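K.L.:
pasting a predicted model and its sequence here:
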Amino acid sequence: MMILLILCSCASPSDSNETNIRIAAAASLKDVMEELTPRFEEQYHIEIETIYGGSGKLARQIEQGAPVDVFLSADLRWIELLKEQDLVDKDTYIEFATNQIVLIGDESKNRLDTIQELELTESEQLAVGNPESVPAGTYTKQTLERIQLWGKLEDQMVFGSDVRQVLAYVESGQVDYGFVYASDAMISDQVATLTQVDPTLHDSIIYPGIVLSKSRTKDQGKKFLTFLTSDHATEIYKAYGFNPMRGGKIEK
Amino acid sequence: MNVEPLLLSLKVAGIATFMVFIIGVISARIISRKLFPGKSILESILLLPLVLPPTVIGFGLLYLFGKNGWIGQWLMDWFGFQVIFSWTGAVIASAVVSFPLMYQSASAAFQNYDQNLENAALTMGASKLKVFFTISLPLAWPGLLAGLVMAFARSLGEFGATLMIAGYIPGETDTIPLAIYFAVESGRMEEALLWVVVILCLGFSAVLWLNTWSRRKINFVRNHKKS
């Protein structure tokens, strides 16, 4: 028992290591982040640990006190939620990339001109991120509601707990169609993009980043956010199917 | 308030337990009393879901019942019937996970009474089926009932394998455990809490009933022996 206590007390101080930052990032950022973080680590000698998940889920975990220094969301709404509770350092807010929603399916499926043409046979199913916690699902719901398809397709929908799960459902052939980001469709060679969703049908897809007010390594976090808006990072977003945003910091 | 997860949970657990009861009783009756080579291996396989993480079971089921899995494909081609991402998937996941509990109880129950009672009936000319229904089943009943309750409670609580094979489809596969997970993920804490209380009550009453009932049974047997 004593040994356990001693072990525990030894383990905790290492958490506050000065040169470590912990990032909570939207699931759709996984591949691009895996490319970006080693470059940042090399340049600044700051170690990064990243947790991926649906933005809504991550925001809830931060609300409950998850020890995170930087939050990268796929939806402005979740940062707003944290702002209301003063959990984030508002001055550090940046917007660094945009994305697009696409409909994906098996190679054999017909390409569509517009999303309005989407029709499912009785046995087909459609994967969507859970609209209550997955931004890709929220944007999809907005779109389908606007063109009056949501109600019609709802019974054939399977909800994923993040956008990568939706991609995996379609990749494995378990579900026929799915709505994911253009960047997700791009990294997968097992699915085809059937059509792009008209961006005017939903809120703009902006990736914001912010440092949390409880962070003990705020300077390192800020450095990372600045890095995200650098030309160097911009090139990498493009390669991964995102559209970079110039200007970074936006007045709020 | 949406009561659908409760009704769905009862439906899924009810059907799964029914299947598990029939298959568990028959297989336990056949296997438990015979000695044959490979018996312990066979029994270990049957009990495996008890010790495996539900995700492993979910993976296996996905492999078998997925759209490209061999059972899944066969069912689709012949019956146009889809298991994955439907409530039948949830039933199968619950059944597989709760089967060992039923099997174990049934297996013990069939070894727990004097087998000469059956032999006596057989020598007096009763058919095997008649012996099973009039002698074996009533004698094993307490153990079978305990297994039934345990299997039902385990089915109600099944989450991991269910999520993997049935997915999250509101109104179709959102049993109480899934409803709790997605309510928390969406920040609907009150709703999650409500379902937590519901599942606590159901689980607690199952265990409480089992406990008091088995104690009463033991007392009954004791009193019987005294007299």
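P.N.:
Yes, it's here.
K.L.:
what's the first-to-last distance across stretch A:204-222?
P.N.:
25 Å (CA to CA, to the nearest Å).
K.L.:
show me what residue of chain B gets nearest to chain A.
P.N.:
Proximity of chain B to chain A (CB to the nearest CB) peaks at B:Ser186, 3.6 Å away. (Glycine included, C-beta is placed from N, CA and C.)
K.L.:
run through the residues that contact that residue.
P.N.:
A:56, A:60, A:130, A:132-133 (CB atoms under 8 Å, 6 or more residues apart in numbering or on different chains).
K.L.:
who wins for neighbours among the residues you listed?
P.N.:
Counting neighbours by other CB atoms under 10 Å in any protein chain shown, A:Gly56 leads the contacts of B:Ser186 with 29 neighbours.
K.L.:
tell me how far that one lies from chain B.
P.N.:
When CB to the nearest CB, to the nearest Å is the yardstick, A:Gly56 and chain B sit 6 Å from each other.
K.L.:
pLDDT at that residue, what is it?
P.N.:
A:Gly56 is assigned a predicted lDDT (pLDDT) of 93.
K.L.:
before we move on, what about the one 10 residues further on?
P.N.:
Reading off the per-residue confidence, A:Ala66 sits at a pLDDT of 93.
K.L.:
the helix of greatest length in chain B close to chain A?
P.N.:
Longest helix in chain B by number of residues (criterion: DSSP state H): helix B:189-226. No - for helix B:189-226, no contact with chain A is found by CB under 8 Å from any CB of the partner chain; the gap never falls below 8.9 Å.
K.L.:
doesn't A:Asp31 make contact with A:Tyr237?
P.N.:
No - counting by CB atoms under 8 Å, A:Tyr237 does not reach A:Asp31; the two are 11.0 Å apart.
K.L.:
of the two, who's got more company?
P.N.:
Neighbour count, other CB under 10 Å: between A:Tyr237 and A:Asp31, A:Tyr237 has more, with 23 against 17.
K.L.:
residues contacting that one?
P.N.:
Applying CB under 8 Å, 6+ apart, the residues near A:Tyr237 are A:32, A:96-97, A:243-244.
K.L.:
6 Å - rerun?
P.N.:
A:Tyr237 makes contacts with A:97, A:244, as judged by CB atoms under 6 Å, 6 or more residues apart in numbering or on different chains.
K.L.:
kindly reformat the contacts of B:Ser186 as CSV containing secondary structure.
P.N.:
Putting these into CSV (DSSP: H, G, I helix; E, B strand; the rest coil) gives the following:
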residue, secondary structure
A:Gly56, helix
A:Arg60, helix
A:Asn130, coil
A:Glu132, coil
A:Ser133, coil
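K.L.:
any idea how far A:Leu103 is from A:Val70?
P.N.:
32 Å (CB to CB, to the nearest Å).
K.L.:
who's in contact with the closest residue to chain B within the stretch 101-250 of chain A?
P.N.:
Proximity of the stretch 101-250 of chain A to chain B (CB to the nearest CB) peaks at A:Glu132, 3.6 Å away. Neighbouring residues of A:Glu132 by CB under 6 Å, 6+ apart: B:Ser186.
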